[in-house]
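>>> Everything below, folded, please.
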Amino acid sequence: MNRIPPLPYDQWDTEALASLAPGRKLPPSNVLGLLAQHPELAKAFLGYNRHLLGGGSTLSARTRELAILRVAWRRRCQYEWVQHVLIARKAGVTDEEIDAIRVGKPTPITRAVDELEADSGLSDDTYRALAAELDDRQLMDLVFTVGTYGLLAMVLNTFEVELDPGLPAENFTTAE
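Okay, here's the model as predicted:
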């Protein structure tokens, strides 16, 4: 059960939440309802997060989503996992790749997330593997994405944000 209940949709400060998707009316969701409880924080965070979700990030959507899924899995954040499985599939990530994230197949992205989460840094080997594929800005966007989605997983887990109605658990309970 949500520790801080989502603000009812009809009470949202749409201006504060609009920074996520300017010009679009956002649909109800429990995470946005939580953020709506604190409009100033919502506006600042969502404006920044818009960069990571494609509003300026140099990462491909596939790379971004693989990283976010690994963060969600490691942090045991079901809400983040379920939401980003849907986004990842739209970005062309296959079910096999999602399964590989779940079991920790040692790809450069999975290794990077695991190292950043465990040590707040990257080994020389992992950094070299990433730098062979990503330029400096992409490397920065990757590290910021992992850190931000680790923070968001912490928020979602701490406040026990429930899945939005109708969303499947997406095999989240499968053991690693």
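>>> which regions of this structure sit below the pLDDT cut-off?
For the chain, the stretches with pLDDT under 70 are 171, 173-176.
>>> Helices of that one, residue ranges please.
Counting by DSSP state H, the chain has these helices, from start to end: 14-17, 30-35, 39-50, 61-74, 78-90, 95-103, 108-119, 124-131, 136-158.
>>> Would you format the ones you listed as JSON lines with mean neighbour count and distance to residue 165 included?
From N, CA and C alone the C-beta is placed, and that goes for glycine too. Shown next, in JSON lines, are the helices of the chain (neighbours: other CB atoms under 10 Å; distance: least, CB to CB, whole Å):
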{"stretch": "helix 14-17", "mean neighbour count": "15", "distance to residue 165": "19"}
{"stretch": "helix 30-35", "mean neighbour count": "21", "distance to residue 165": "9"}
{"stretch": "helix 39-50", "mean neighbour count": "16", "distance to residue 165": "21"}
{"stretch": "helix 61-74", "mean neighbour count": "24", "distance to residue 165": "20"}
{"stretch": "helix 78-90", "mean neighbour count": "20", "distance to residue 165": "12"}
{"stretch": "helix 95-103", "mean neighbour count": "16", "distance to residue 165": "22"}
{"stretch": "helix 108-119", "mean neighbour count": "19", "distance to residue 165": "29"}
{"stretch": "helix 124-131", "mean neighbour count": "14", "distance to residue 165": "38"}
{"stretch": "helix 136-158", "mean neighbour count": "18", "distance to residue 165": "16"}
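>>> who's in contact with residue 57?
Neighbour list for residue 57: 51, 64, 141, 145 [criterion: CB atoms under 8 Å, 6 or more residues apart in numbering].
>>> Now the two most distant members of the residues you listed.
The span of the contacts of residue 57, defined through CB to CB, is set by 51 and 64 at 11.1 Å.
>>> Count the residues that sit near residue 22.
Neighbour count for residue 22, taken as other CB atoms under 10 Å: 9.
>>> what does residue 26 give?
Look at residue 26: counted by other CB under 10 Å, it has 15 neighbours.
>>> List phi and psi for it.
Backbone geometry at residue 26, expressed as degrees, to the nearest 10, gives phi -80, psi 140.
>>> repeat for the one 3 residues further on
When quoted as degrees, to the nearest 10, the phi and psi of residue 29 stand at phi -160, psi 150.
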